[in-house]
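> Mind folding the following:
(one chain, ligands or ions: 1)
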Amino acid sequence: MTINILHLSDIHMGSGFSHGKINPETGINTRLEDFVKTLSICIDRAISEPVDLVLFGGDAFPDATPAPYIHEAFASQFRRLADAKIPTILLVGNHDQHSQGSGGASLSIYRTLVVPGFIVGDSITTHRINTGNGDIQVITLPWLNHSTLLTRPETEGLSLGEVSQLLLERLQPVLEAEIRRLDPTIPTVLLGHLMADRANLGAERFLAVGKGFTIPVSFLIRPELDYVALGHVHKHQNLNKANNPPIIYPGSIDRVDFSEEKEDKGYVMVNVAKGKVQWEFCPLPVRPFCTIEVDVSEAEDPQQTILDAIAPRLACSETTQCLPSQTAQRFGEAEIASKDITDAVVRLIYKLRSEQLELISTTALDQALKLAHSYTIRPELVSQLARPRLPELGLGNTLDPLDALKAYLDNKEDLREIASDMLEAAQELLETK
Ligand SMILES: [Mn+2]
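Have a look, this model is predicted:
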């Protein structure tokens, strides 16, 4: 008997509103509608199979206190799993916690309400779940912050790196205890929201800078585990190509920002029996993001050069015949979608010299980009880019960090009063590393 699992993660519902617009019919940001649609495809799949278990790897919202209508949009999708009697584990990610303290602030409501079949994974523990196809055990490993396994006096005076090391030392026996208590006769999954030290970073590097610590992949490569279901990293990847066990980030279900422009988005279908596992990444049809970057600083007609850079991205422009196959596959084939700005989130970046500024008509650019779902236009002046901002920092000069700071402070009138304090503090920091 095998157990079917749908594993998804990093929903971040309510993110990226700046890439959307208000839908005049609903009054709701189109990016929320996109995320709901994407999530609904995952839930549809779970129900139509039906799967025996849904594992959510954490980060439901951008923060622990989403607006009620966003929370409701999330809940109304997951509720369909409860109605279909599909057991579901909602793991707590870093974005689901309050910045200080533990527990799953935005997800704890599901435990409070005792939604049948729902488990909120906000502690390191093992859950034994009875499915129609037999029992499975799932170790939940939520996002660990410094208050999870450490007390304040223990961390006092320690650097961030030392605290992370101590946290890792605490985690090891706790995890070991869970693994020893496992029933060796039934399939086992570890569900964790964490940064593994072999993970290829995406946007989350900026979303949670300095907040976390990494867990070595060797912690997770254990013969007792049949599958490791992760969340946190937005780019889909398998950290253990030997698949003993597979260590899988499904990635985010929709693009949170431009750093995910070129990534496929999706969820993972898993089929597991004790000692045997198969998994498959299932791509989701998400709205394309498209960056158009052009340097017109040497162009005779910068305006036309920009328009020429946009033109090939228009599958259905007035001058070219619109190919039905291309519109039909909109949001479908990634290759076509990435070339076509129709209904895409677009950013146009063009580099020019300041004296060219008046040669660019914003109206013409607006006209050229009108088929995009939303767009931003960012002119960048090359003269400013090339000119060293401080002569001391020019080409051919190398400065040590302290001299660089000194050169910076020498040029900042407004920092004069605290300049010596800053230099002193910098010196201290450099010495204590
Ligand atoms: Mn995360």
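> how about the closest residue to G93 other than its chain neighbours, what does it touch?
Counting by C-beta to C-beta, 6 or more residues apart in numbering, G58 is the residue found nearest to G93 once chain neighbours are left out, at 2.7 Å. Yep, even glycine has a C-beta here, placed from its N, CA and C like the rest. When contacts are counted by C-beta atoms under 8 Å, 6 or more residues apart in numbering, G58 touches 9-10, 90-96, 142-143, 193, 231-232.
> try 7 Å
9, 91-93, 96, 142-143, 193, 231-232 (C-beta atoms under 7 Å, 6 or more residues apart in numbering).
> mind listing the helices in the stretch 251-400 of the chain by residue range?
302-310, 324-328, 334-339, 362-368, 382-386 (DSSP state H, counting those that start in this stretch).
> Comparing the ones you listed by mean pLDDT, which bottoms out?
With a mean of 40, helix 324-328 has the lowest mean pLDDT of the helices of the stretch 251-400 of the chain.
> The residue of the stretch 101-250 of the chain found nearest the ion: neighbour count?
Residue nearest to the ion within the stretch 101-250 of the chain: H232 (3.9 Å; C-beta to the ion). The local packing of H232 (other C-beta atoms under 10 Å) involves 28 other residues.
> Local confidence estimate at it?
H232 is given a pLDDT of 95.
> who in this protein is up against the ion?
By C-beta under 5 Å from the ion, the residues of the chain that approach the ion are 59, 93-94, 232.
> Output the below-cut-off pLDDT ranges for this structure.
99-104, 199-212, 315-338, 383-398, 432-433 (pLDDT under 70).
> quick check: domain ranges of it?
3-283, 289-385, 391-431 (automatic domain parsing).
> Name the stretch among the ones you listed that sits most buried.
Among those, domain 3-283 has the highest mean neighbour count (mean count of other C-beta atoms under 10 Å), at a mean of 19.
> and that one, how far apart are its ends?
21 Å (C-alpha to C-alpha, to the nearest Å).
> picking that back up, against G93, how distant is the residue of the stretch 101-250 of the chain closest to the ion?
From H232 over to G93 the distance is 6 Å, taken as C-beta to C-beta, to the nearest Å.
> and for those two, which residues touch both?
58-59, 193.
> Can I get those in a markdown table including secondary structure?
Listed next are the shared contacts of H232 and G93 as a markdown table, based on DSSP: H, G, I helix; E, B strand; the rest coil:
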| residue | secondary structure |
| --- | --- |
| G58 | coil |
| D59 | coil |
| H193 | strand |
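> Which strands or helices does whichever strand or helix holds E169 pack on?
Take DSSP states H and E as the rule and E169 turns out to sit in helix 160-180. The contact analysis (3 or more C-beta pairs under 7 Å, 6 or more residues apart in numbering; DSSP states H and E) places helix 160-180 against helix 146-149.
> Name the residues that touch the next helix or strand after the helix it packs on?
Later in the chain than helix 146-149, the nearest helix or strand by DSSP H and E is helix 152-155. For helix 152-155, contacts defined as C-beta under 7 Å, 6+ apart pick out 146, 163, 166.
> chain center to helix 152-155: distance?
Distance of helix 152-155 from its chain centroid, counting by C-alpha atoms, centre = their mean, to the nearest Å, is 31 Å.
> from what I can see S252 touches L8, true?
No: if you go by C-beta atoms under 7 Å, S252 and L8 don't touch, sitting 9.2 Å apart.
> still on that earlier bit, filter the contacts of G58 down to the ones in strands?
91, 193, 231 (DSSP state E).
> distance of the residue nearest to the spatial centre of the chain from A46?
Most central in the chain under C-alpha atoms, centre = their mean is H234, positioned 3.6 Å from the mean C-alpha point. From H234 across to A46, the span is 21 Å (C-beta to C-beta).
> now swap in E162 and tell me
Applying C-beta to C-beta to E162 and A46 gives a distance of 42 Å.
> do the same with L371
Taking C-beta to C-beta, one finds L371 at 34 Å from A46.
> Also D10?
Taken as C-beta to C-beta, the span from D10 to A46 is 17 Å.
> N94 now?
25 Å.
> before we move on, what about A311?
Taken as C-beta to C-beta, the span from A311 to A46 is 42 Å.
> One more: P288?
Distance from P288 to A46, by C-beta to C-beta: 25 Å.
> cool, and R378?
40 Å.
> Hmm, M13 and F74 touching each other?
Yes: counting by C-beta under 7 Å, F74 touches M13, with 5.1 Å between them.
> Which of the helices or strands spans H98?
Here H98 is assigned to no helix or strand, by DSSP H and E.
> so what's it up against?
Counting by C-beta under 7 Å, 6+ apart, H98 has contacts 64, 105.
> Likewise for D34?
D34 makes contacts with 254, 287, as judged by C-beta under 7 Å, 6+ apart.
> run the last query once more with 6 Å
R287 (C-beta atoms under 6 Å, 6 or more residues apart in numbering).
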